[in-house]
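Asks: structure for this input, please:
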Amino acid sequence: MAIFLPFIITLAAAFLTPLCAQAQQTKKVPRIGLISASDRFQAFRQGLRDLGYTEGKNIVIEHRHHQGRLDLIPSLVAELVELNVDALVVESQQAIRTARKATKTIPVIMVSSVDPVVAGHVDSLARPGGNVTGISQLSRDLSAKRVELLKEVLPNMRRLAVLWDTQGPGPKVAFKEYEAAAHAFKLDFQSLGVSGPNPDLERAFHVAKNARRDALIIVSNPLIGFHQGLVLRLASMERLPSMYESKTYVESGGLLSYGANPSDSFYRAAYYVDRILKGAKPADFPVEQPTKFELVINLKTARQIGLTIPPNVLARADKVIK
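Replies: Numbering: from 1, shown residues only. You can find the predicted model right below:
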C-alpha cells in the first residue's frame with residue numbers, strides 16, 4: 001500500500017492543479033451599472049483607477065447614456081438589473097427613483113442634487129436604511145444663496161426668471177425653493193418651464209426678454225445639461241445675466257455659478273463602489289454631503305453682456321475666468 005501512496009498523491013495533484021487554475025481564471029469580476037447623461041462620470045472612472053481598479057481587468061463598467069431623454073431611463077435601469085450588476089451608479093432623480101423601484105437587492109449609489117431624505121430615497125443620511133446610499137450635493141439648499149448672490153451682482157434686480165424642466169422631479173423641488181427665495185427678496189418671479197425630449201428653449205428666452213427679466217437662474221438636470229451649448233448661446237444673445245448650479249456651465253461661457261464641485265462628488269462615488277464591493281451594506285453606509293462650495297465667475301462673459309461684477313463679489317470668487 002505504501003508503494004502506491006506517492007502515485008495516488010501525484011495523480012490527485014495532477015487532477016486538482018488544472019481545477020485550481022480554472023477557478024482562479026473564472027474568479028468573478030465585479031460589474032458596475034452606470035447611468036448618466038453627462039461626462040462627469042469620467043471623474044468616477046478616475047476615482048476607480050485611483051483605488052486600484054482597471055476596466056476590463058478587475059472591474060467591468062456597463063455604461064448606459066440616456067442623452068437627456070428621461071423616458072429612456074426605465075428601460076436602461078431594467079437592462080442593468082437584468083444583468084444583475086453588483087452595484088448601480090445613478091445621478092438624476094428619475095434614475096434614482098426608478099432604480100429603487102426596480103431592485104431591493106442591488107446596491108444603488110446615487111449622486112443626488114436634492115435632499116435624499118426629503119425625496120424619499122433614504123430614511124436618514126446617517127442610516128439610509130435600504131439599498132440606496134451615496135452623495136447628496138445639497139445644491140437645492142443653496143437656492144436662496146444663489147438668489148442672494150444675484151442681488152449682490154445686480155443691486156437693482158427686480159425681475160427674476162427660472163428656467164427648469166417641468167417633468168424632472170429634482171427641478172420641481174428647485175422651482176419651489178427659488179420661488180420662495182425670490183418672494184423673500186421681494187422679486188417679481190417668472191417660471192420658464194420647458195419639457196423634453198425637445199425643449200423649446202428659444203421660446204423660453206424670448207419670453208424672458210419680452211418680460212424684461214433682469215436675471216435668469218438655470219436649474220440643472222439631464223435635459224438642460226444635454227442642451228447646455230444652446231442655453232449658453234441664448235443667454236449670451238439675449239445679454240441675460242444668468243446663474244448656474246454647476247461650474248461646468250461657467251467654464252463653457254456662463255456668467256456665474258455657486259455650488260459643490262460636481263466632479264468631486266462623482267469621484268467620491270467610486271469610494272462607495274469600492275466599499276460596497278468589499279462588503280459594506282448600503283443600509284448602514286451614511287450618505288455624504290459636500291463641505292465646500294465654489295463661487296465661479298466668468299469675467300469674459302460679464303464684459304460681453306456689459307456687466308460689471310462688484311469688487312466685493314469678485315474677491316469672494318473661488319475661480320475667476322478672464
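
Asks: are we agreed that Ser191 is in a helix?
Replies: No. Using DSSP: H, G, I helix; E, B strand; the rest coil, the assignment for Ser191 is strand, not a helix.

Asks: who does Val111 bridge with?
Replies: Ile135 (DSSP bridges).

Asks: that one against Gly134, yeah?
Replies: Yes. The pair Val111 / Gly134 is scored as a contact, 6.1 Å apart, by C-beta atoms under 8 Å. For glycine as for every other residue, the C-beta is placed from the backbone atoms N, C-alpha and C.

Asks: let me see the domain layout of this protein.
Replies: 31-138+262-284, 141-259+294-321 (automatic domain parsing).

Asks: what do Val111 and Gly134 both touch?
Replies: Residues touching both Val111 and Gly134 (C-beta atoms under 8 Å, 6 or more residues apart in numbering): Ala269.

Asks: would you say Glu62 is within a strand?
Replies: Yes. The assignment for Glu62 (three-state DSSP) places it in a strand.

Asks: I'd like to know how far the closest residue to it other than its chain neighbours sits from Thr308.
Replies: Leaving aside its sequence neighbours, Glu62 sits nearest to Gly33 (C-beta to C-beta, 6 or more residues apart in numbering; 5.0 Å). Distance, Gly33 to Thr308, by C-beta to C-beta, to the nearest Å: 48 Å.

Asks: between these two, tell me which one has more neighbours.
Replies: Gly33 (26 against 10; other C-beta atoms under 10 Å).

Asks: hey, what's that one bridged with?
Replies: Bridge pairing for Gly33 - DSSP bridges - gives Glu62, Leu88.

Asks: and Asn104, how many neighbours?
Replies: You called it Asn, but residue 104 is Lys. 10.

Asks: got a list of what the closest residue in space to it that isn't next to it in sequence touches?
Replies: Once flanking residues are discounted, Lys104 sits nearest to Asn131: 5.8 Å by C-beta to C-beta, 6+ apart. Neighbour list for Asn131: 100, 103-108, 282-283 [criterion: C-beta under 8 Å, 6+ apart].
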